[in-house]
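A.B. asks: Next input, structure requested:
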Amino acid sequence: MLKVTADIFSGRPNPEWIVQEAEAASILRDLSKSGGAAAALDSGFQGLGSRGLIVESLDDRLKADFGVPSRFRIGGGGGTQEGHAVEIAEKLVAAMKFDAGAHPALADAAPGALPLDSTLQKLILDSLPGRLSGGAAATHEPLAHEDATLGPAEILLQCAYEASAFNPGFWNDPAHIGKNNCYNYASNRRTDTFAQPGRATGHMYSAINCGAVTNGAVSDGASLGCAPANEAPRWWMALVIAPGPGFIDYHWYRKSHEGFWGHKPGGTAARNIDNSGHIITDPRTANRGPYTIFCRFMYAQRKMVVR
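C.D. replies: Below you'll find the predicted structure:
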């Protein structure tokens, strides 16, 4: 039996499903024909967008019976046999059951999680890095999609704020890396709850767009304008959206003391580079992959609470 996670989102929880015994064994036998298809968890594409699948065995037979580790990444560009890896990933996605019900190995349905259905299944398949014609780090025009209805972003450039030194190790510790997302990082609050805008205050976003996600963060205590000195530390954040139909998610950045911006795509490592591998000097012009809508800058402040 296998637990499969589509490592696709940054803000909202990633989809998880169970592949039952007989089907799992068939897929693993196919996988064992190519030792280079299964990759280490920290390999392959790790930026914004689909990062392939994370596969975890729920028993101890994988190494002995199939010659693969008990937990691995597949279809994310990290294997030496990536063509075969994508084929295996497609089979794992096709094995998703829409009405399977709860399973003890799966987390309780988290706020913001998408239901397992044919729409989500197609989204995961279409976005596998090995299937993208333009690659996972496709170029885009972020400024063309800036949401002007929320006011000029430049007005916040005159605000006083604090900035800590870039400290990815704090976020990338194995005990915490998978439990904190981009919202945790941007607000500088490691809660181990995969925090969602508005959840802590009972006003979680009801849709993923600039207005709804912004309102959730404001409900948590973020400021749209300059925050007063008594609300220090005030962290400068930026919000972007991956629009639908299909890939609908949000992502946050935070300004560091060194002058660049850091971010943490979902449960992956915190970093200061974009999808092109460039240091992020301005999130509006960074390669953000599918997160093509730049919403606005805002501030986390002392009174902000996230969960």
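A.B. asks: Point out where the stretch 51-200 of the chain drops to low pLDDT.
C.D. replies: Within the stretch 51-200 of the chain, the segments meeting pLDDT under 70 span 61-64, 100-102, 107-109, 130-157.
A.B. asks: Start from the N-terminal end of it and give the helices.
C.D. replies: Along the stretch 51-200 of the chain, counting by DSSP state H, counting those that start in this stretch, helices occupy 82-94, 118-127, 168-172, 182-187.
A.B. asks: Give me whichever of the ones you listed is most buried.
C.D. replies: Ranked by average neighbour count under the criterion mean count of other CB atoms under 10 Å, those are headed by helix 182-187 at a mean of 28. Where you see a C-beta, it was placed from the backbone N, CA and C, and this is true even at glycine.
A.B. asks: Buried residues, the helix or strand just after it. List them.
C.D. replies: Where DSSP states H and E defines the elements, the next helix or strand beyond helix 182-187 is helix 210-220. Within helix 210-220, the residues that count as buried by 16 or more other CB atoms under 10 Å are 210, 212, 213, 214, 215, 216, 217, 218, 219, 220.
A.B. asks: what's the answer for stretch 55-71, then?
C.D. replies: Here stretch 55-71 shows 55, 56, 57, 58, 62, 66, 68, 69 as buried, counting by 16+ other CB under 10 Å.
A.B. asks: Need the CA coordinates for that stretch. CSV is fine.
C.D. replies: C-alpha atoms of stretch 55-71 as CSV (Å, rounded to 0.1, in the frame of the first residue of the first chain):
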residue,chain,number,x,y,z
VAL,A,55,5.6,8.3,-2.7
GLU,A,56,5.7,6.6,0.7
SER,A,57,5.3,2.9,1.5
LEU,A,58,2.9,2.0,4.3
ASP,A,59,4.7,-1.3,4.9
ASP,A,60,8.4,-2.4,5.0
ARG,A,61,8.6,-4.3,1.7
LEU,A,62,9.7,-1.7,-0.8
LYS,A,63,13.5,-2.1,-0.4
ALA,A,64,13.4,-5.9,-0.1
ASP,A,65,10.8,-6.7,-2.8
PHE,A,66,11.2,-3.9,-5.3
GLY,A,67,14.6,-2.3,-4.6
VAL,A,68,13.4,1.2,-4.0
PRO,A,69,13.5,3.4,-0.9
SER,A,70,10.5,3.6,1.4
ARG,A,71,10.0,7.3,0.5
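A.B. asks: Give me the domain ranges for the chain.
C.D. replies: 2-131, 142-300 (automatic domain parsing).
A.B. asks: what's the closest of these to residue 307?
C.D. replies: domain 142-300 (3.8 Å; CB to CB).
A.B. asks: now the buried residues of helix 210-220 in JSON lines, with pLDDT and distance to residue 275?
C.D. replies: JSON lines is the format used below for the buried residues of helix 210-220 (pLDDT from 0 to 100; distance: CB to CB, whole Å):
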{"residue": "210", "pLDDT": "96", "distance to residue 275": "20"}
{"residue": "212", "pLDDT": "96", "distance to residue 275": "25"}
{"residue": "213", "pLDDT": "97", "distance to residue 275": "21"}
{"residue": "214", "pLDDT": "97", "distance to residue 275": "23"}
{"residue": "215", "pLDDT": "97", "distance to residue 275": "28"}
{"residue": "216", "pLDDT": "98", "distance to residue 275": "25"}
{"residue": "217", "pLDDT": "98", "distance to residue 275": "24"}
{"residue": "218", "pLDDT": "98", "distance to residue 275": "28"}
{"residue": "219", "pLDDT": "98", "distance to residue 275": "30"}
{"residue": "220", "pLDDT": "98", "distance to residue 275": "28"}
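A.B. asks: Between those, which sits nearest residue 40?
C.D. replies: The closest of these, once distances to residue 40 are taken by CB to CB, is residue 213, at 32.5 Å.
A.B. asks: How about the contacts made by the closest one?
C.D. replies: Residues in contact with residue 213 (CB atoms under 8 Å, 6 or more residues apart in numbering) are 11, 197, 205, 239, 241, 250, 295.
A.B. asks: The fifth one bridge partners, please.
C.D. replies: The bridge-partner assignment for residue 241, based on DSSP bridges, gives residue 250, residue 293.
A.B. asks: for the stretch 201-307 of the chain, what spans make up the strands?
C.D. replies: Remark: strands assigned in the stretch 201-307 of the chain by DSSP state E, counting those that start in this stretch are 235-242, 249-255, 261-263, 293-300.
A.B. asks: helices and strands around the last one, which ones?
C.D. replies: Using 3 or more CB pairs under 8 Å, 6 or more residues apart in numbering; DSSP states H and E as the contact criterion, the elements in contact with strand 293-300 are helix 210-220, strand 235-242.
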